[in-house]
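Enquirer: generate coordinates for the sequence data below:
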Amino acid sequence: MAEFTLAVKTRDVAGKDLFTIRKQGFVPAVLYGHKTEAVMFWVNYIAFAKLYAKAGESSIIELDVEKGKKVSVIIQDIQTDPLSNRFSHIDLFQVRMDEKLEAHIPLEFVGEAPAVREMGGMLLKPVEELFISCLPKDLPHSLSVDLSSLKTFEDHIQVKDMIIPAGVEVLTEMDTTVALVEAPRSEAEMEALNTKVEGDVTKVEGVVKETAPVADAKSNDKKDEKKK
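Expert: Modelled structure (predicted):
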């Protein structure tokens, strides 16, 4: 049985009373499946927001359709309103429990790196998720990365160093680095970063430095003679 359950209501006509029903607290959703036609639903906004915060896009969800029918799905995609950032549409994908699926699984960094705690280094996480393949029953919500092995600035953790759950095949390159610790910057390096470099703009091609006009001495002498 899936860890998460989501109740939905069948939606008959696309676009009909969309604004009104959204105002009533529902989000339109579409279910796609393997060799099946797309089905439209309404999903309670609050119920979905709570579920999505826990399940994300890497967990099997049991869809509770009206009339007691149960469907296993994953959240394939969500759309949000650019102004309010509220969910505006949901794409669900029906999975077959006997067929492998591919998914991006987020990494969960656990423990503390000694190189950070004892040497003042900065933890870097170049990768935040791995691409995997597995049966739906083996789909992990996240993959754990133990940071305790990062004892020096030369240490790093690669995909091949991780403990991967049984039944899960990692499709990301095994020599991909997922975590390392960078040495802290020296005072000289920090000072260099804070130093402002001021250049002479007149040395830049196309820039002409303005100068005060110089009076023509001969012209001034002629003007004085005429006055006399």
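Enquirer: so Leu6, which of the three states?
Expert: At Leu6 the chain is in strand, as set by DSSP: H, G, I helix; E, B strand; the rest coil.
Enquirer: what bridges to it?
Expert: For Leu6, the beta-bridge partners are Leu63 (DSSP bridges).
Enquirer: tell me who's in contact with it.
Expert: With contact set as Cβ atoms under 8 Å, 6 or more residues apart in numbering, Leu6 has these partners: Val43, Ala47, Phe48, Leu51, Ile61, Glu62, Leu63, Asp64. Using the backbone N, CA and C atoms, a C-beta is placed for each residue, glycine as well.
Enquirer: buried members of the residues you listed into ChimeraX, please.
Expert: The buried residues among those can be selected in ChimeraX (16 or more other Cβ atoms under 10 Å) with this line:
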select :43,47,48,51,61,62,63
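Enquirer: what's the distance between the most centrally placed residue in the chain and Thr176?
Expert: With distances taken as Cα atoms, centre = their mean, the residue of the chain nearest its centroid is Glu128 (8.2 Å). Distance of Glu128 to Thr176, computed by Cβ to Cβ, to the nearest Å: 12 Å.
Enquirer: ok so, going back, which one of the contacts of Leu6 sits closest to Pro140?
Expert: Closest approach to Pro140 among the contacts of Leu6 (Cβ to Cβ): Ile61, at 14.6 Å.
Enquirer: now the closest one. Nearest residue, chain neighbours left out?
Expert: Phe4 (4.6 Å; Cβ to Cβ, 6 or more residues apart in numbering).
Enquirer: give me the pLDDT for that neighbour.
Expert: If you check Phe4, the pLDDT there is 91.
Enquirer: and Leu107, which of the three is it?
Expert: Under three-state DSSP, Leu107 falls in the strand class.
Enquirer: and the closest residue to Asp12 other than its chain neighbours, what is it in contact with?
Expert: Distances taken as Cβ to Cβ, 6+ apart place Met40 nearest to Asp12, at 7.5 Å, with adjacent residues excluded. Going by Cβ under 8 Å, 6+ apart, Met40 touches Thr10, Arg11, Asp12, Ala14, Pro28, Ala29, Val30, Leu31.
Enquirer: average pLDDT for the host helix or strand of Met40?
Expert: Assigned by DSSP states H and E, Met40 falls within strand 36-44. Averaged over strand 36-44, pLDDT sits at 89.
Enquirer: check which strands are paired with that strand and give the direction for each one.
Expert: Counting by DSSP bridges, strand 36-44 is paired with strand 4-10 (antiparallel), strand 26-33 (antiparallel).
Enquirer: so what strands line up beside the host helix or strand of Phe93?
Expert: In this structure, Phe93 sits in strand 87-94 according to DSSP H and E. Applying DSSP bridges, strand 87-94 is found paired with strand 26-33 (parallel), strand 70-80 (antiparallel).
Enquirer: can you redo those strands as JSON lines with distance to Gly121?
Expert: Putting the strands paired with strand 87-94 into JSON lines (distance: least, Cβ to Cβ, whole Å) gives the following:
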{"stretch": "strand 26-33", "distance to Gly121": "44"}
{"stretch": "strand 70-80", "distance to Gly121": "36"}
